[in-house]
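In: quick one, fold the following:
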Amino acid sequence: MAAITMGLAEVKNNFSKVTAEVNRTGRPVTVLKNNKPWVIIQPATRAAEGDVVDVAVDFMDEYADVFRELAK
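Out: Model (predicted):
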């Protein structure tokens, strides 16, 4: 699968179409600024959602004593 790159101006002018295509195909787009990679637009995935849950659980575990104290 070939990488997709687009200039910043083109992405700005077609943002809805670009993001719809990324979401539809799952293929990320590298956005270039001054002909250098600047950001990557990629679809949100369930794996990313799992990462968020893992971070939240780790946070709650780390501060469990604080939560217990607040619950009193």
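In: residues near Thr5, how many?
Out: 13 (other Cβ atoms under 10 Å). (Glycine included, C-beta is placed from N, CA and C.)
In: hang on, it packs against Lys33?
Out: No - counting by Cβ atoms under 8 Å, Thr5 does not reach Lys33; the two are 11.2 Å apart.
In: show me this structure divided up by domain.
Out: For the chain, the structural domains run 1-41, 44-72, going by automatic domain parsing.
In: which pLDDT does the model give Leu8?
Out: Per-residue pLDDT puts Leu8 at 96.
In: mean pLDDT per helix and strand in the chain: which one sits at the bottom?
Out: Least confident helix or strand of the chain, by mean pLDDT, DSSP states H and E, is helix 46-62 with a mean of 70.
In: could I get the average pLDDT for the next helix or strand after that one?
Out: Downstream of helix 46-62, the next assigned helix or strand under DSSP states H and E is helix 64-71. Per-residue pLDDT over helix 64-71 has a mean of 82.
In: can you give me how far helix 64-71 is from the chain middle?
Out: Relative to the mean C-alpha coordinate of its chain, helix 64-71 is positioned 31 Å out (Cα atoms, centre = their mean, to the nearest Å).
In: and the closest residue in space to Ala3 that isn't next to it in sequence, bridged to which residues?
Out: Nearest-residue entry for Ala3: Thr30, 6.5 Å, with adjacent residues in sequence omitted and distances by Cβ to Cβ, 6 or more residues apart in numbering. For Thr30, the beta-bridge partners under DSSP bridges are Thr5, Ile40.
In: can I assume Trp11 sits in a helix?
Out: Rather than Trp, residue 11 is Val. Yes - the assignment for Val11 (DSSP: H, G, I helix; E, B strand; the rest coil) places it in a helix.
In: quick check, central residue of the protein?
Out: Geometric centre of the chain, nearest residue: Ala44, 5.7 Å, by Cα atoms, centre = their mean.
In: hang on, that one in a helix?
Out: No - Ala44 is assigned coil when assessed by three-state DSSP, not a helix.
In: and it, backbone torsions?
Out: phi -70, psi 140 (degrees, to the nearest 10).
In: roughly how far apart are it and Ala64?
Out: According to Cβ to Cβ, to the nearest Å, Ala44 and Ala64 sit 29 Å apart.
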